[in-house]
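Enquirer: heads up, no residue letters with this:
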């Protein structure tokens, strides 16, 4: 009974949205920071140290966004599943995750070859598309 009251509390959804946005900011901000460095920006920063920091913060952001997103989904699953933008967002999220897994599986941070650079551009485009579709879900 107490859990049900908490789930319907007026502050729940806005709080979840704030946590979701914080997670997205940590995820995208750190991924893009690392990608700028890998493209040659801020060359005075050592890639291994920056990568450890940015990846840890990006993963923290992903966990926050995913956890809050799952709760928001649970609160309105039917509505979201019937929303094409949500379905596209989830598909692009899956592709972004697959791209990240492939990037790390082939040790692209150490290679920084043509394929790694393609994956970096693809990563940025996919995550930014996920962000845009997430905003469009409400409209």
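Expert: Great, that's in hand. Small disclaimer: the values here were computed from a predicted structure and weren't measured.
Enquirer: How about residues contacting stretch 99-117?
Expert: Contacts to stretch 99-117, defined as C-beta atoms under 8 Å, 6 or more residues apart in numbering, come from residues 38, 39, 47, 51, 119, 120, 122, 123, 126. C-betas here are computed from N, CA, C, even on glycine.
Enquirer: Pull out the buried members of those residues.
Expert: Neighbour-count burial (16 or more other C-beta atoms under 10 Å) applied to these gives 38, 47, 51, 119, 120, 122, 123, 126.
Enquirer: Between those, which sits nearest residue 76?
Expert: Among the buried ones among the contacts of stretch 99-117, residue 126 lies closest to residue 76 (C-beta to C-beta), at 24.5 Å.
Enquirer: shouldn't that closest one be in contact with residue 89?
Expert: No - checked against C-beta atoms under 8 Å, the pair residue 126 and residue 89 is beyond contact range at 10.7 Å.
Enquirer: picking that back up, closest one of the buried ones among the contacts of stretch 99-117 to residue 74?
Expert: Of all the buried ones among the contacts of stretch 99-117, residue 74 sits closest to residue 126, with 24.7 Å by C-beta to C-beta.
Enquirer: for the chain, which spans come out with low pLDDT?
Expert: Within the chain, the stretches with pLDDT under 70 are 1-8.
Enquirer: Which stretches in it count as helices?
Expert: For the chain, applying DSSP state H gives helices covering 2-7, 12-38, 47-75, 77-81, 84-105, 108-111, 114-136.
Enquirer: can you give me how far the fifth one is from the chain middle?
Expert: Per C-alpha atoms, centre = their mean, to the nearest Å, the displacement of helix 84-105 from the mean C-alpha position of its chain is 9 Å.
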